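Enquirer: Give me a 3D structure for the following:
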Amino acid sequence: MVNITTSKLIYMETKILKGTIFGGIAYFFLGWLVYGILMADFSLANYNQCMNRPSTDMVWWAMILSNLVYALFLTLMLNWSGASGWVDGLKTGALFGLLFGVTIDLSFYSMTTMYNSIGAMVADMAVMTFIASILGAVIVSVWGKDKTT
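Expert: As a prediction, this is how the structure comes out:
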């Protein structure tokens, strides 16, 4: 039987909650910066724009929930992997982003006309890897030190 003290359990719950909230916020702003600003011209030239909603019609609750669930998923992976410093977060986040990006992008490439080329798909995989690596470092950094050990 696993013996988990109350303080350790509260610490774990707080760690997951902090990672999810701060990670979700960071994910939103990183996505806006990278996709919305830095890669805007690339996206227009290389991604099928017919499937996108106009920015005035964005469904905000779904965007917020999506960012929080992604951050929760990455937070859980970081916690389970035993990440303890921002470098661990960077490396685990990069692996997570790469695997997630390959999965999603190959799925989209196989069933949609979202990408105009394989190169555009690979670029998106690289961007997803980069964003998740930064996000992983942010999440582990907001955890702080484990005071219960």
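Enquirer: mind listing the helices for the chain?
Expert: Under the criterion DSSP state H, the chain contains helices at 6-31, 40-46, 60-81, 86-111, 118-143.
Enquirer: winner for burial among the ones you listed?
Expert: By mean neighbour count, with neighbours taken as mean count of other Cβ atoms under 10 Å, helix 118-143 ranks first of these at a mean of 20. Heads up, the C-betas are built off the backbone N, CA and C, glycines and all.
Enquirer: By average pLDDT, which secondary structure element in this protein comes out worst?
Expert: None of the helices or strands of the chain scores lower by mean pLDDT, DSSP states H and E than helix 6-31, at a mean of 87.
Enquirer: So which other helices or strands are in contact with that helix?
Expert: With contacts taken as 3 or more Cβ pairs under 8 Å, 6 or more residues apart in numbering; DSSP states H and E, helix 6-31 sits against helix 60-81, helix 118-143.
Enquirer: re earlier: redo the helices of the chain as JSON lines? Include distance to residue 52.
Expert: Listed next are the helices of the chain as JSON lines, based on distance: least, Cβ to Cβ, whole Å:
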{"stretch": "helix 6-31", "distance to residue 52": "14"}
{"stretch": "helix 40-46", "distance to residue 52": "9"}
{"stretch": "helix 60-81", "distance to residue 52": "13"}
{"stretch": "helix 86-111", "distance to residue 52": "13"}
{"stretch": "helix 118-143", "distance to residue 52": "14"}
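Enquirer: Let me see the contact set for residue 139.
Expert: Neighbouring residues of residue 139 by Cβ atoms under 8 Å, 6 or more residues apart in numbering: 19, 22, 23, 26, 71, 74, 75, 78, 89, 93.
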